[in-house]
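[1] next one to model:
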Amino acid sequence: MTWTETQKDIMTISTTTPANSSYPCVDYNAMQIPLAVLYSIIFIMGLAGNVVALWVFFCVHSKKNSVRVFLINVAFADLLLVFCLPFRILYHSQGNRWNLDPTLCKVVGQFFYMNMYISVTMLGLISLNRYVKIHRKSGMQCSTRGSAVFCAFVWIVAFCFILPILISRNPPNENRCFHYKVLIDQKWKAYINISVLVIFWLVFIALIVSYGKIALKLLRTSKNQPALPNAARYTRTAKKSFFILFLFTICFVPYHLVRGFYIRTQITTTSCFWMDVADKANEVALLFSALNSCLDPIMYFLLSSSVRKEVLRLVSSVLCTRSVAVGSGSSSTADFDCRNGRTDNGQPNITLIPNSSREKAASIANIAGL
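    Numbering: from 1, shown residues only. Below is the predicted model:
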């Protein structure tokens, strides 16, 4: 049977096919091997990166602040998302057939999306927090306890969003998972997806505004006061802000651009061709969203001084250990110097800065998240 004949057949029976059934006109097997391989890579990288980040956040003693609380929640959400990936890998590696309990499919799918959007929301809260700091609205600044309350609220709301879907009845004889579904008879699910889509674009606008303000502030400071300590560093930090926004755009914007078209095909009468297009576009864009779980550790390195210092310390420790193994007595001195932050001549690497300038530099560094 040709593709054209199949398409005609599906158009003929589309009015009698159950809303949640998998349509044979959607070629589910076209991308199964690439998806299994790519999700495996994302799983390994995301697991390693977020485990290291959480280890630093919880085991390395550092100053607690609101940004650190948000970053811990981002890392935890990314880790839970990564734990959903083995089920997707298993599904795609078995010819896109779900051989486990249908309820487990629903739970894994909803937790995947829940943790993805929790990560998105936490990034929005981080941008709002830094936006408030840069305008020095001290009365509006969020404390560590306040940040924890915000995070708990986000987790509760996210779970409430997926709860109706989790308790809904499973379709009969369903052997598919993570596949295209028509929601003409269940538009309430589409409305939940639309509301989440609106939340994403609001968060994205907040990110653009806040990081734009932060970058302009730092660039203006480094330009107008070049004698200020670490002035050149502020320019680099401004570029980091744009890099964070770049990562967010690459990972999440393609999926949410496709998502509007995807939802429309689910709730309206759609030809077989556009169903297949929507399914393929959604799968590719979803890969970029999952990729964020292994790129977020780069963000932790940029935003958290404790993560940055610990990673640099570990790298320095490894390099110094190698020098001790290869060299003789002089390498022991090099190891001591490396670990104690001293210069080659044995003197502490300290730069004398006037108190007033140092305080101003510290204030701007706090805004920048240095």
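[2] where do the helices sit along the stretch 51-200 of the chain?
    66-93, 102-134, 144-167, 187-224 (DSSP state H, counting those that start in this stretch).
[3] adding mean pLDDT, write those helices out as JSON lines.
    Output for the helices of the stretch 51-200 of the chain, formatted as JSON lines (pLDDT from 0 to 100):
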{"stretch": "helix 66-93", "mean pLDDT": "92"}
{"stretch": "helix 102-134", "mean pLDDT": "86"}
{"stretch": "helix 144-167", "mean pLDDT": "89"}
{"stretch": "helix 187-224", "mean pLDDT": "81"}
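[4] between those, which one is nearest to Trp274?
    helix 187-224 (16.0 Å; CB to CB). For glycine as for every other residue, the C-beta is placed from the backbone atoms N, C-alpha and C.
[5] tell me the average confidence for the next helix or strand after that closest one?
    Tracing the chain past helix 187-224, the next element assigned as helix or strand by DSSP states H and E is helix 231-267. In this model, helix 231-267 has a mean pLDDT of 80.
[6] for Val182, grab phi and psi.
    For Val182, the backbone dihedrals (degrees, to the nearest 10) come out as phi -90, psi 130.
[7] separation between it and Tyr255?
    20 Å (CB to CB, to the nearest Å).
[8] same deal with Met116?
    9 Å.
[9] joint contacts of the two?
    By the contact definition CB atoms under 8 Å, 6 or more residues apart in numbering, Met116 and Tyr255 are jointly contacted by Ser289.
[10] follow-up on the earlier one: adding mean neighbour count and distance to Cys59, write the helices of the stretch 51-200 of the chain out as JSON lines.
    Listed next are those as JSON lines, based on neighbours: other CB atoms under 10 Å; distance: least, CB to CB, whole Å:
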{"stretch": "helix 66-93", "mean neighbour count": "22", "distance to Cys59": "12"}
{"stretch": "helix 102-134", "mean neighbour count": "21", "distance to Cys59": "21"}
{"stretch": "helix 144-167", "mean neighbour count": "15", "distance to Cys59": "18"}
{"stretch": "helix 187-224", "mean neighbour count": "16", "distance to Cys59": "29"}
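[11] now render those as CSV, adding distance to Ile44.
    Output for these, formatted as CSV (distance: least, CB to CB, whole Å):
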stretch, distance to Ile44
helix 66-93, 9
helix 102-134, 17
helix 144-167, 26
helix 187-224, 27
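[12] out of those helices, which is closest to Leu287?
    helix 66-93 (10.3 Å).
[13] just want the angle from the closest one to helix 144-167.
    Per axes from the mean of the first three to the mean of the last three CA atoms, to 10 degrees, the angle that helix 66-93 makes with helix 144-167 is 20 degrees.
[14] returning to what we had before: please name whichever of the helices of the stretch 51-200 of the chain is nearest to Ser306.
    helix 66-93 (7.2 Å).
[15] okay, the angle between the closest one and helix 102-134?
    Using the same axes, to 10 degrees: helix 66-93 against helix 102-134 is 150 degrees.
[16] helices or strands next to helix 66-93 in the packing?
    helix 32-59, helix 102-134, helix 144-167, helix 272-303 (3 or more CB pairs under 8 Å, 6 or more residues apart in numbering; DSSP states H and E).
[17] good, we can wrap up now.
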